[in-house]
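*Asks:* A structural model of the following input is requested.
(2 chains)
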Amino acid sequence: MLGVGNAIRGDDAVGLLVARHSERQLVGVPDVEVREAEPGALGLVEAMSGFDRVILVDAMETEVRTPGRIHRLALEQVRSGGARLSHDGDLNAAFALGEGVGVTMPSEVVVIAIEIGDDESLAEAPSPTVAAAIAPAAALVAREVLRR
Amino acid sequence: MTRVTIDPLTRLEGHGKIELFLDDAGQVADAYLQIPELRGFERFCVGRPVVELARIVPKICGVCPGAHHLAAGKAIDAVYGVEPPPAARKLRELFYCAHFFHSHVAHFFALGSPDFVLGPDADAAQRNVLGVLERVGAELGSSVLQHRKIAQDIQATVAGHATHLVWCVPGGVSKGITDEQRRAIAEQARSCLEFAKRSVQLFDAVVLSNPAHVELIRSGAYQLVTHSMGLVDAQDRVAFYDGMVRVVDTDGREIVKYAPRDYLQHVGEHVEPWSYLKFPFLKAKGWTGLEEGPASGVYRAAPLARLNVASGLATPVAHAEYERFVATLGPKPVHATLAQHWARIVELLYAAERMLELAGDPETASPEIRRVPDSVPHEGVGTVEAPRGTLTHHYRTDERGIVVGVNLIVGTTNNHAPICLSVKKAAQGAIRRGQPITPGALNRIEMAFRAYDPCFSCATHSLPGALPMEVIVRERDGTIVERVAM
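*Replies:* Numbering: from 1, shown residues only, chains lettered A, B, ... in the order given. Down below sits the predicted model:
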């Protein structure tokens, strides 16, 4: 489980915060590792390489802003450009790059994207609407992890 | 003309824009850059314990957290009036060389090389790292990732973590390394050096042996005659972690060499009313406007400038490559903007060799890694060379060590004016009124911009062909003629 974001850009931290929540919830569950990343393009490849499955959680901006709404997306939906995760342009390239150099990239990818309002103001906490989505998103992560 | 209001709160203006202004003849007269500005960040730091800043500032940029952490560490040392012991300095330098290596590898392969391997007129969809890999082969690509990981492992071994840095403390660092770790790092550094040599071969094969590419590097559109700034050691050789700031003029003569804490005596910041961008300039020349040349106050920082101000490099393989660089593109100072890509390779060699030297030094594993300060905190400046240019952190605190003021000049800030000028030159002739903006024109602007490897998150987290910048062409009065997302 990979939570992606920026810890001091308010709502953009939500992926990291879900990861912290998940880490507590998934204690004792075998074959699962919870990681946080604030990466650039290549960093995503490095974070995901060697795993079979990844559940990636990140903030997302959409044109119709509904902060706090949670989406479960397949990688193809992100690739097709329908949604724009805050760190996503590189997600597409990361997979293509990893596969291109023969790095073992996860074959199963689930993206849990949380819509945010503002990722440009510096703040050490997300807005209340987005903060309220952390626990439900973590519950979704747990369901994904335990679904086999 | 449209007025840009600066939001006074803690906002980073998040998206990059290149604004091109046309003259009456419909040619590009001026180019201006709008990229995220740091005043919001500086304000965000006020009121915090200064020791926290070392933990916060790495988040300025996801690609160079190590540079900010070390600049902060040095500034905090200075705030507390304490000098770290030798082992701590060596550890910080070892970490930093690994960071430089990691950063330069990423830039060269993912960001810079596509322009040369695929060519500036290649389709944007191909002109990216994936296109490069198709050409150079998956094995080399795999080695790129492998050595990035090695460099990251070295950083993590030394500092505890490559990016979530809580390592520098006032007067030193919070952890050291064992002798066993030191030896393991030496092995890894050897592998990095071999990889760096391979990068030279790649650069030869795809750039230097291609006359069209060499012509492009030498072409007028990519020349910018400016003064140069960089850190140097006691023998005026390139220094990443510590040294004096040396500035040479457009002909290579020294203008000034100063201690980092005196930066305000030598560097001014010009503010344009229409933009939230500050333009650093040399006080010795004064601000004469956005122009190149010996009379201008505009200067460049970053790999090319570092080679221009230095007498060479302190390690043999890097120095030999430096001499080849000078023999090919010289005499110094070299003003070819695209030569920055070669300068990065020279620095890659130095970073690897220096890692090997430091890992071979038993003192690097000493437990004497902290000197506890006993002065009342007040004010301090910490300067390192970031991969993208001279990086300065200046902090002022009250007597409890709570921050009352922060001034940051990040690597790219030094280059604001040069980037505008380089973009203008690249755009002139390629863009004019009545002519739609072609992909080829955008490519060339992008190349001019990307050679500087800008430090802000909006630009660094992108690969060629996907630069999230907007190009806006305006008439003199600000009326928008055309806007294109790059």
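*Asks:* B:K17 touches B:C420, doesn't it?
*Replies:* No. Applying C-beta atoms under 8 Å, one finds B:K17 not in contact with B:C420, separated by 12.0 Å. For the C-beta atoms, the positions are set from N, CA and C on the backbone; glycine is no exception.
*Asks:* phi first, then psi, for the residue nearest the centre of chain B.
*Replies:* Taking C-alpha atoms, centre = their mean, the centroid of chain B lies closest to B:R388, which sits 0.4 Å from it. Main-chain dihedrals, B:R388, degrees, to the nearest 10: phi -100, psi 10.
*Asks:* distance of it from chain A?
*Replies:* Distance, B:R388 to chain A, by C-beta to the nearest C-beta, to the nearest Å: 13 Å.
*Asks:* for that residue, which residues are in contact?
*Replies:* Shown in contact with B:R388 (C-beta atoms under 8 Å, 6 or more residues apart in numbering or on different chains): B:64, B:301-302, B:410-412, B:415, B:452-455.
*Asks:* of those residues, closest to chain A?
*Replies:* B:C64 (9.7 Å; C-beta to the nearest C-beta).
*Asks:* so how many other residues sit close to the nearest residue to the closest one once chain neighbours are set aside?
*Replies:* Spatially, and ignoring its direct neighbours in sequence, B:C64 is nearest to B:A386 (5.5 Å; C-beta to C-beta, 6 or more residues apart in numbering or on different chains). Using other C-beta atoms under 10 Å in any protein chain shown, B:A386 is surrounded by 30 other residues.
*Asks:* wait, B:A386 touches B:I409, no?
*Replies:* No. In this structure, B:A386 is not within contact of B:I409 by C-beta under 8 Å, at 10.2 Å.
*Asks:* what about the stretch 51-200 of chain B, any weak spots by pLDDT?
*Replies:* Scanning the stretch 51-200 of chain B for pLDDT under 70 picks out B:62, B:110-112, B:119-120, B:124-130.
*Asks:* buried set for stretch B:41-59?
*Replies:* By 16 or more other C-beta atoms under 10 Å in any protein chain shown, the buried positions in stretch B:41-59 come out as B:41-45, B:48, B:50-59.
*Asks:* that stretch near chain A anywhere?
*Replies:* Yes. Legend: contact between stretch B:41-59 and chain A by C-beta under 8 Å from any C-beta of the partner chain is shown at B:41, B:44, B:56, B:59.
*Asks:* most widely separated two among the residues you listed?
*Replies:* B:F44 and B:K59 (10.1 Å; C-beta to C-beta).
*Asks:* so what's in contact with these two at the same time?
*Replies:* With C-beta under 8 Å, 6+ apart, B:F44 and B:K59 have common neighbours A:I8.
*Asks:* for the closest residue to chain A within chain B, which three-state class applies?
*Replies:* With C-beta to the nearest C-beta as the measure, B:G141 is the residue of chain B nearest to chain A, at 3.7 Å. Secondary structure, DSSP: H, G, I helix; E, B strand; the rest coil: B:G141 is helix.
*Asks:* now it: closest residue in space, sequence neighbours ignored.
*Replies:* Per C-beta to C-beta, 6+ apart, closest to B:G141 is A:V101, 3.7 Å.
*Asks:* and B:D24, that one's in a strand?
*Replies:* No. Read with three-state DSSP, B:D24 is coil and lies in no strand.
*Asks:* mind listing what it touches?
*Replies:* B:R476.
*Asks:* 10 Å - rerun?
*Replies:* B:433, B:475-476 (C-beta atoms under 10 Å, 6 or more residues apart in numbering or on different chains).
*Asks:* next one: A:D31
*Replies:* So, once contact is read as C-beta under 10 Å, 6+ apart, A:D31 ends up touching A:51-53, A:145, A:148.
*Asks:* how about B:V214?
*Replies:* So B:V214 contacts B:207-208, B:328-329, B:336, B:338 (C-beta under 10 Å, 6+ apart).
*Asks:* again, only this time at 8 Å
*Replies:* B:207-208.
*Asks:* can you pull the phi/psi pair for it?
*Replies:* phi -60, psi -40.
*Asks:* what pLDDT does it get?
*Replies:* Note for B:V214: predicted pLDDT of 89.
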